[in-house]
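**Q** with the sequence up front, the predicted model follows.
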Amino acid sequence: MALPTPTLSTGRLRLRPVTEADADDLFALHSDAHVLRYWDSPPWTDRARAERFLAVSRQIAEDGTGSRVVIERASDGAFVGWITVWGWNPDHRSASLGYCLAEAAWGQGYATEAARAVLQWAFDTLDLNRVQAETDTRNLASARVLEKLGFVREGTLRENCIVNGDVSDSWVFGLLARDWRPE
C-alpha cells in the first residue's frame with residue numbers, strides 16, 4: 001500500500017516531496033565531506049548516487065514503508081536538506097527518523113523545526129507508538145536536536161559503522177507516542 005508523501009509548512013520552512021529537480025542539491029549535500037563526516041557512508045563522488053537516492057525516495061513511498069521530504073526555506077525556496085520517516089512497521093507501530101541538512105543551515109533550528117512537523121504528521125498519519133533515531137556519538141548537535149524533540153538516549157551501538165576505515169559508535173534514541181509533545 002502506497003504512503004502519500006506530505007507537503008508540510010512551518011513558520012520558516014516548507015517540506016515537500018523529493019523531485020528530480022532536487023538532484024543537483026542532493027548531490028552537493030551528499031558530496032560535502034564536512035557535512036557527511038559523521039555519516040554511515042562516504043561522501044558521494046558519482047552523480048548517479050543522486051538518481052539512486054531519488055529512486056529510493058519514490059520506492060519507500062510506493063511500498064508504504066516511508067516518506068522522504070525536501071526541506072526548503074519558506075522565504076526564498078532555498079534548499080536546506082531532507083528528512084525522512086522510514087522503516088514503518090504498522091504491526092509494531094514503529095518507524096525511524098533520519099535527516100541531513102546543508103552546513104549553511106546548521107545552528108538555526110531548522111532540523112528541530114522540520115523534524116517536529118514530520119513527527120507530528122507521522123504520529124497522526126501512521127498511528128505510531130515509537131520512533132527511533134540513531135546518530136554518531138561524536139555528532140553532539142544531532143543528539144541535541146533529538147533531545148529537544150523529546151527523544152531519550154537508550155543505548156550505544158559500539159563500533160556500529162566503519163567509513164573509510166574510521167570506526168565509530170552510534171547512539172540509539174527513542175521517542176514514544178505518550179512522550180510526544182508537539183508544542
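**A** Good, I have the coordinates.

**Q** low pLDDT regions in the protein?
**A** Low-confidence segments of the chain (pLDDT under 70): none present.

**Q** all strands of it, in order?
**A** Listed in chain order, the strands of the chain (DSSP state E) span 8-9, 13-17, 67-73, 79-89, 94-101, 130-136, 152-163, 166-176.

**Q** which other helices and strands contact the fifth one?
**A** Packing partners of strand 94-101 (3 or more CB pairs under 8 Å, 6 or more residues apart in numbering; DSSP states H and E): strand 79-89, helix 110-126, strand 130-136. All C-beta atoms are positioned from the backbone trio N, CA, C, and that covers glycine.

**Q** how does it look with 10 Å?
**A** Applying 3 or more CB pairs under 10 Å, 6 or more residues apart in numbering; DSSP states H and E, we find strand 94-101 packed against helix 23-30, strand 67-73, strand 79-89, helix 110-126, strand 130-136, helix 140-148, strand 166-176.

**Q** which one of those lies nearest to residue 7?
**A** Residue 7 lies closest to strand 67-73 among the helices and strands packed on strand 94-101, at 7.7 Å (CB to CB).

**Q** now the closest one: buried residues?
**A** 67-72 (16 or more other CB atoms under 10 Å).

**Q** and stretch 73-81, by the same measure?
**A** Neighbour-count burial for stretch 73-81 [16+ other CB under 10 Å]: 79-81.
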